[in-house]
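> Have a look at this fold, sequence not included:
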Ligand SMILES: [Mn+2]
């Protein structure tokens with residue numbers, strides 16, 4: 001069976017060589033999976049020019065040998081850190097790259113001690129993450145499935161939005177529906193916010209009951225075959241007052257402008273600015289309190305970040321969310337979010353739920 005892992009490791013080795021490193025230590029589970037197929041949540045990968053070694057403990061031994069069958073799997077003896085240190089020592093150590101975002105100060109110190117004086121530890125942030133930004137065709141297929149699944153789950157709970165229902169009931173139903181439809185679970189804690197609570201961008205579901213004439217924000221994502229989706233819709237239960245309708249139209253227009261700005265070569269800050277400019281035209285920009293979006297893939301938040309100051313240019317294979325919102329404390333909030341893939345010749349919205357204002 002042809003797997004993508006060896007090709008990804010080759011690409012990583014090119015980065016390692018370019019940075020004049022002899023080894024790269026990889027510990028983040030999403031990167032372990034991306035580079036080897038190993039699905040366990042404990043272990044370390046040492047990618048060296050000469051060989052690639054996965055170190056893990058007894059709980060994952062059989063799993064690692066099966067999932068990462070084309071690389072060397074070493075069972076850790078003692079702690080993971082001392083085992084990795086001994087491995088590097090045996091390889092002749094030299095320059096070992098580590099991701100400063102993934103190790104604590106204490107862990108780095110312990111790795112330093114365990115690998116001996118001939119090993120120099122060099123900060124090497126985001127090497128695998130950089131590769132992960134450019135999704136392969138099979139990854140895009142998986143992300144489409146995850147996006148479509150999230151949309152179906154969202155639409156399936158709309159009929160439950162009746163006065164009296166509690167946020168936690170909707171949240172539980174969303175998570176249940178995801179798993180029933182094949183997801184391994186939610187990509188993040190599902191957000192269900194009624195009424196004034198919709199003004200909190202990251203509201204956790206509570207026992208609050210839905211009343212007539214309230215806003216409802218549903219923000220959910222599913223992990224399907226390792227890949228995350230992320231979608232938000234805002235609904236009004238009852239007949240919406242004109243100012244809420246106007247606010248919704250502004251957010252929808254802002255999202256449309258940002259999606260229209262997505263193309264190969266566009267900067268991430270440019271996409272963010274497109275949404276902000278529309279909201280400024282409605283004098284709502286000061287209520288847009290977060291960035292326009294984020295990269296999506298094996299993790300729900302990954303590179304590239306679609307925010308102010310992000311000069312990075314979009315490339316084919318990037319998948320990002322576009323999710324402007326307005327939040328008025330004590331009143332309510334509106335957010336509309338979709339997942340978008342960048343191609344050389346077009347932009348593809350991979351979540352498929354109508355965006356028209358829904359009044360129930
Ligand atoms: Mn999001």
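Sure, I can see it. All figures in this text were calculated on a predicted structure; none of them were measured in a lab.
> from here on, contacts and neighbour counts on C-alpha atoms
OK.
> Leaving out sequence neighbours, find the closest residue to the most centrally placed residue in the chain.
In the chain, the centroid-proximal residue (CA atoms, centre = their mean) is residue 300; its distance is 1.7 Å. Distance criterion CA to CA, 6 or more residues apart in numbering; nearest residue to residue 300, sequence neighbours excluded, is residue 228 at 5.7 Å.
> Residue 54 and residue 122, how far apart?
Separation of residue 54 from residue 122 (CA to CA, to the nearest Å) stands at 20 Å.
> about what we covered before: touching, the residue nearest to residue 300 and residue 143? I think so.
Yes. Taking contacts as CA atoms under 8 Å, residue 228 lies within contact range of residue 143: 6.7 Å.
> returning to what we had before: more neighbours, residue 54 and residue 122?
Between residue 54 and residue 122, counting by other CA atoms under 10 Å, residue 54 is the more crowded of the two (24 against 16).
> The more buried one: what secondary structure?
Per DSSP: H, G, I helix; E, B strand; the rest coil, the local secondary structure of residue 54 is strand.
> What segments of the stretch 51-200 of the chain are strands?
Remark: strands assigned in the stretch 51-200 of the chain by DSSP state E, counting those that start in this stretch are 52-56, 72-75, 94-98, 119-123, 185-186, 191-194.
> could I get those strands as CSV with mean pLDDT?
Converted to CSV, the strands of the stretch 51-200 of the chain look like this (pLDDT from 0 to 100):
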stretch, mean pLDDT
strand 52-56, 94
strand 72-75, 92
strand 94-98, 94
strand 119-123, 95
strand 185-186, 98
strand 191-194, 97
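> Need the winner for burial among those.
Among the strands of the stretch 51-200 of the chain, strand 191-194 has the highest mean neighbour count (mean count of other CA atoms under 10 Å), at a mean of 27.
> Quick one: residues in contact with that strand.
With CA atoms under 8 Å, 6 or more residues apart in numbering as the test, strand 191-194 has contacts from 167-168, 170-171, 200, 202-205, 208-210, 214-220.
> Now the element after it, going C-ward?
Next helix or strand after strand 191-194 toward the C-terminus (DSSP states H and E): strand 214-220.
> pLDDT of that next one, averaged?
For strand 214-220, mean pLDDT is 97.
> got it, and stretch 156-166?
97.
> and that stretch, how far out from the chain's middle?
Centroid separation for stretch 156-166 versus its chain: 28 Å, with CA atoms, centre = their mean, to the nearest Å.
> gap between residue 151 and residue 332?
From residue 151 to residue 332 the distance is 23 Å (CA to CA).
> Average the pLDDT values over stretch 197-209 and round to the nearest integer.
Mean pLDDT, computed over stretch 197-209, is 94.
> Then stretch 345-358?
Stretch 345-358 carries an average pLDDT of 96.
> And stretch 265-275, by the same measure?
Stretch 265-275 comes out at a mean pLDDT of 98.
> repeat for stretch 312-326
98.
> From one end of it to the other, what's the distance?
Distance between the two ends of stretch 312-326: 25 Å, counting by CA to CA.
> picking that back up, right, and the residue nearest to the centre of the chain touches residue 224 too?
No. Counting by CA under 8 Å, residue 300 sits too far from residue 224 to count as a contact (11.9 Å).
> Give the residues shared as contacts by the two.
Shared contacts of residue 300 and residue 224, defined by CA under 8 Å, 6+ apart, are absent.
> What's the local residue count around residue 124?
For residue 124, the tally of surrounding residues (other CA under 10 Å) stands at 17.
> So it versus residue 191, what's the distance?
Counting by CA to CA - residue 124 and residue 191 are separated by 35 Å.
> swap in residue 234?
Residue 234 sits 11 Å away from residue 191, going by CA to CA.
> Likewise for residue 339?
Distance, residue 339 to residue 191, by CA to CA: 17 Å.
> swap in residue 10?
According to CA to CA, residue 10 and residue 191 sit 39 Å apart.
> now do residue 224
Residue 224 sits 19 Å away from residue 191, going by CA to CA.
> any common contacting residues for residue 228 and residue 143?
Any residue near both residue 228 and residue 143 by CA under 8 Å, 6+ apart counts here, and that gives residue 297.
> Next up, the contacts around the residue lying closest to residue 347 once chain neighbours are set aside.
Nearest residue to residue 347, sequence neighbours excluded (CA to CA, 6+ apart): residue 341, at 6.0 Å. Residues near residue 341 by CA under 8 Å, 6+ apart: 140, 316, 317, 318, 319, 320, 347, 348, 349, 350.
> Can you spell out which residues form a bridge with residue 341?
Residue 341 has the following beta-bridge partners by DSSP bridges: residue 319, residue 348.
> would you list every one of the helices in the stretch 1-150 of the chain?
5-18, 29-36, 61-67, 80-90, 105-115, 127-132, 137-157 (DSSP state H, counting those that start in this stretch).
> possible to save the ones you listed as TSV with distance to residue 97 and mean neighbour count?
Below are the helices of the stretch 1-150 of the chain laid out as TSV (distance: least, CA to CA, whole Å; neighbours: other CA atoms under 10 Å):
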stretch	distance to residue 97	mean neighbour count
helix 5-18	8	16
helix 29-36	15	21
helix 61-67	23	16
helix 80-90	12	20
helix 105-115	11	16
helix 127-132	10	18
helix 137-157	27	20
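> any idea how far the closest residue to residue 325 other than its chain neighbours is from residue 293?
The shortest distance from residue 325 to any non-neighbouring residue, by CA to CA, 6+ apart, is to residue 335 (4.1 Å). Distance, residue 335 to residue 293, using CA to CA: 12 Å.
> same thing with residue 345?
Going from residue 345 to residue 293 by CA to CA gives 21 Å.
> For the two, indicate the residue with more neighbours.
Using other CA under 10 Å as the criterion, residue 345 and residue 293 rank with residue 293 on top: 23 against 9.
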